[in-house]
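Engineer: After the sequence you'll find the predicted model.
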Amino acid sequence: MKCAEVRELLGNYMDQELTESMMQRIERHLLRCPACAYEARSIEQAREMLRRGVESPMVSEGTGERILRHLAERFPHLQRSRPADEQPLSLPLLPED
Amino acid sequence: MCMESGRESEDARLVARFRAGEMQALETLFWRYADAVLAYATRLLGNRTDAEEVLSEVFLRAFDGLMGYRAEGTFKAWLFRIARNCCIDRLRQPRLLRIEEVTEPMQNDATADVELRVAVQRALRRLPEEYRTVLLLCDVEEFTAKEVAQMLERSVPSVKGMLYRARAALRDALSEEWGEEG
């Protein structure tokens, strides 16, 4: 395979979207071609860094409650009702001895 | 995959309960996705303050539109499409955007983790919005190229091509922000 063909398919190769035989052809090329091997390795590394390095903030309870109050005002027709299957069970009265 | 489809069918049940007028369904849907939407908006906008303001708008638009929502894709993909549109609106009003230089270190953060996070944050900011979008949606949120193509109203090959260019641009930006030290 030529480098241009490999570069064209590198994204699909990384996402494992090629046939087994095409994956192997690209792997063989990467073993022989340092430039393409560097391209594949460095992009994969950047993707891994992105996954590990992105921020993952969480919504605080206060912020969540504030937004929910706002939403409740916007949708006043919504009912705070409990579905039938969550109704508390009423116990049958036992006969007195 | 099974977990994902379980999540999707639970989402569909919650949407139906919301449409039937149940407040609890709105609250459950909100808490189910609030953290993910906040994280996505923070990463796309580059700061948490703007992202928190956008968060409220996202859910307002989502629940407003939920009556007309047709389950063509997943609820999550539909919600993230709204989130992206809200972020784009925000980015088009640069005077409203705050610039926060770096993230506050979190407790128990190792120095290397903080350095990586700052480098990634800075590198993302250097990329065009559409590159940030495909990277975050495909490589972080793990939406499929088909889902992202629907969100962005592009073809799948176009998204795949843009994703590859975005990954290469991220690699270059990261190597300038982080890789040259030492």
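Structural biologist: Received the coordinates, thanks.

Engineer: my read: residue A:9 touches residue A:18, true?
Structural biologist: Yes - between residue A:9 and residue A:18 there is a contact at 6.5 Å, judged by CB atoms under 8 Å. (C-beta placed from N, C-alpha, C; glycine too.)

Engineer: Now for residue 42: which residues touch it?
Structural biologist: No chain in the question, so chain A it is. B:171, B:175 (CB atoms under 8 Å, 6 or more residues apart in numbering or on different chains).

Engineer: not what I meant, chain B
Structural biologist: A:55, A:57, B:48, B:51.

Engineer: need those in a markdown table with pLDDT and neighbour count, can you?
Structural biologist: Shown next, in a markdown table, are the contacts of residue B:42 (pLDDT from 0 to 100; neighbours: other CB atoms under 10 Å in any protein chain shown):
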| residue | pLDDT | neighbour count |
| --- | --- | --- |
| A:55 | 85 | 19 |
| A:57 | 90 | 16 |
| B:48 | 88 | 20 |
| B:51 | 93 | 26 |
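
Engineer: Closest one of these to residue B:18?
Structural biologist: Closest approach between these and residue B:18, by CB to CB: residue B:51, at 24.0 Å.

Engineer: tell me, what residue is most central in chain B?
Structural biologist: residue B:40 (2.8 Å; CA atoms, centre = their mean).

Engineer: Tell me the spacing between it and residue A:76.
Structural biologist: 29 Å (CB to CB, to the nearest Å).

Engineer: just to revisit the earlier point, now do the same contact list for the residue nearest to the centre of chain B.
Structural biologist: Residues counted as contacts of residue B:40 (CB under 8 Å, 6+ apart) are B:80, B:83, B:136, B:140-141.

Engineer: quick one, phi/psi of it?
Structural biologist: Residue B:40 adopts backbone torsions of phi -60, psi -50, taken as degrees, to the nearest 10.

Engineer: Read off the pLDDT value for it.
Structural biologist: Looking at residue B:40, its pLDDT reads 95.

Engineer: Tell me how many other residues surround the closest residue to residue B:46 other than its chain neighbours.
Structural biologist: Nearest non-adjacent residue to residue B:46, counting by CB to CB, 6 or more residues apart in numbering or on different chains: residue B:125, 5.0 Å away. Other residues within reach of residue B:125, judged by other CB atoms under 10 Å in any protein chain shown, total 15.

Engineer: returning to what we had before: now, which of the contacts of residue B:40 lie close to chain A?
Structural biologist: B:136, B:140 (CB under 8 Å from any CB of the partner chain).

Engineer: Quickly check the contacts of residue B:40 for the two that are furthest apart.
Structural biologist: Going by CB to CB, the pair spanning the contacts of residue B:40 furthest: B:83 and B:140, at 13.2 Å.

Engineer: Just want to know which of these two has more residues nearby.
Structural biologist: Of the pair residue B:83 and residue B:140, residue B:83 is the one with more neighbours under other CB under 10 Å, namely 26 against 16.
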